[in-house]
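Participant: pasting the sequence and the predicted coordinates here, then a few questions.
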Amino acid sequence: MYRSSTKPLPNAGIFVLAFLPRVLYLLTARPVFESQYWTLSDSLLANGQLGFDGVKTTAFEPAYPIFLAAARILVGSRMLAVQMVQCAVAALGAMFLYRLAAALTGRWRVGLVAALLYAVFPLLIRHSADRTDAALMTMFVAAFVSEFVTAETPMRSAAAGVWLGLTVLTRMMALPLLPLAGAIEWWKGGWRAAGALTLSALAVIAPYAVRNYALNGAVLPTRSGINLFISNSEYTANVFPDYGPDILEDYAASVADAHGLPAGPPSPAVERAYDVLWTRYALQEMRRHPWRIAALKARNVLYFFSPRLVPYHEQTAATTIHLGDNGTFTVQNSPPRRAVDQIVYAMSYTPVLALAVAGVWLRRRDLRRDAILWCVVVTFVAAHAIYFPTTRYRVPMESVLLFYAAVTIERWL
């Protein structure tokens, strides 16, 4: 059994502590919000379909577009208002982290410190209002882990499974958490709890998987192939960490076009054909150069935890790349990240990472209790070692680092 906090704090106060810095950042920085996800929410509102220009797509997970559509129904289609809703959702993560930390340690002060770190951590604030799914994914991960560690009945385990299902529908890379969490639940609470968690998660995921399979025979999103290809091409090792993976998308398209794939109008069948081709070529590249790819994956792990924002340059609408032979290339119109962004990130993340390492040491005798946290870390690290290790993809697992950092700070206090 996990110990519970002896002095719970009001959720409203924790929420406000996290919400205000995010709103302040939104109103001062005004981050760009228009994206392909916004376009997908247009389609959902117009005709109830996940697609572009009236054509269904199987390339994207549905949770974030559905969230945007729901927010637009709630507050209208003004992007600033929708961003405010997203900031509120991001702030909920502080409440879940407080509950998680207090339950794992039995000390409400650890929960309070963790929630305060979550409230003011610059990386989380920055991505709470941007045009990616990071804010929603971060909240879902925190909610799942919090519900998981406090579940004492099969019904509560089923609730954790619902949160896990929503996490997977936001980013399919979280799917390995399902068997891992089921195994831990079996060890912790028996087969009833494990079955409740697994079945409820599958019930949430199944409608999307059935839809995709009906459209083109693919259960998972048909976007993995291109990501795998651009993460393991002959140019990748030289492109990273200076530039992001999207800079190689035109190269991936040229490879697909050169191999006779259908050039007709977009459709789920065409998406799957491209996905299969890119996956095949990525795997061939891995087999041809196993040692180079292995070295690249080891580097990716280091970049994933780097105290410098990765990639080092911004990609704009005017950014172009010109590819040469033997992995050489030149890039134009890709400015470096602002020095202030790099400094703020390094000065906030580096001490948190150091405190988290110390927290792991302090909890060395309780690490079995923290097994689900380590499953989250392993899942994210493995996925982004295989694909690409940009800093923003670490955001949803940042709560784990903040928990261990809070353990250290509370011990000092």
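Facilitator: All right, it came through fine.
Participant: residues touching residue 109, list them.
Facilitator: With contact set as C-beta atoms under 8 Å, 6 or more residues apart in numbering, residue 109 has these partners: 410, 413. In this view, the C-beta of every residue, glycine as well, is placed from N, C-alpha and C.
Participant: off-centre distance for the helix or strand that contains it?
Facilitator: Secondary structure assignment for residue 109, by DSSP states H and E: helix 108-120. Offset of helix 108-120 from its chain centre (C-alpha atoms, centre = their mean, to the nearest Å): 21 Å.
Participant: show me where this protein has strands.
Facilitator: Listed in chain order, the strands of the chain (DSSP state E) span 51-52, 55-56, 320-323, 329-332.
Participant: what's the first one packed up against?
Facilitator: Contacts of strand 51-52 with other secondary structure elements, assessed using 3 or more C-beta pairs under 8 Å, 6 or more residues apart in numbering; DSSP states H and E, are made with helix 36-47.
Participant: check the offset of the helix it packs on from the chain's centre.
Facilitator: With C-alpha atoms, centre = their mean, you get 21 Å for helix 36-47.
Participant: stretch 303-312 too?
Facilitator: Averaging C-alpha positions (C-alpha atoms, centre = their mean) puts stretch 303-312 16 Å from its chain's average.
Participant: residues contacting that stretch, please?
Facilitator: The contact list for stretch 303-312 (C-beta under 8 Å, 6+ apart) reads 240-244, 336-337, 341-342, 345-346, 349-350, 353, 380-381, 384-385, 389-391, 393-394.
Participant: keep only those of the residues you listed that are in helices.
Facilitator: Members of these lying in helices (criterion: DSSP state H): 341-342, 345-346, 349-350, 353, 380-381, 384-385.
Participant: of those residues - the most surrounded one?
Facilitator: residue 380 (25 neighbours; other C-beta atoms under 10 Å).
Participant: let's test this: name the helix or strand in the chain with the lowest mean pLDDT.
Facilitator: When the helices and strands of the chain are scored by mean pLDDT, DSSP states H and E, helix 249-257 comes last with a mean of 85.
Participant: now that helix: buried residues?
Facilitator: Of the residues in helix 249-257, 251-252, 255-256 count as buried by neighbour count, 16 or more other C-beta atoms under 10 Å.
Participant: same check, this time on stretch 47-58
Facilitator: 50-52, 56-58.
Participant: and which of the residues you listed is nearest to residue 161?
Facilitator: For the buried residues of stretch 47-58, the minimum distance to residue 161 (C-beta to C-beta) is 23.1 Å, reached by residue 50.
Participant: can you give me the distance of that closest one to residue 208?
Facilitator: Using C-beta to C-beta, to the nearest Å, residue 50 is found at 9 Å from residue 208.
Participant: wait, what's in contact with residue 360?
Facilitator: By C-beta under 8 Å, 6+ apart, residue 360 lies in contact with 367, 404.
Participant: could you redo the last one with a cut-off of 7 Å?
Facilitator: By C-beta atoms under 7 Å, 6 or more residues apart in numbering, the contact list for residue 360 reads residue 404.
Participant: cool, and the one 4 residues further on?
Facilitator: Under the criterion of C-beta under 7 Å, 6+ apart, the contact list for residue 364 is empty.
Participant: okay, buried residues for stretch 92-107 please.
Facilitator: If you call a residue buried by 16+ other C-beta under 10 Å, then stretch 92-107 has these buried ones: 92-105, 107.
Participant: next one: stretch 212-230
Facilitator: 212, 215-216, 218, 221-230.
Participant: circling back: from the buried residues of stretch 92-107, which land in helices?
Facilitator: Using DSSP H, the buried residues of stretch 92-107 in helices are 92-105.
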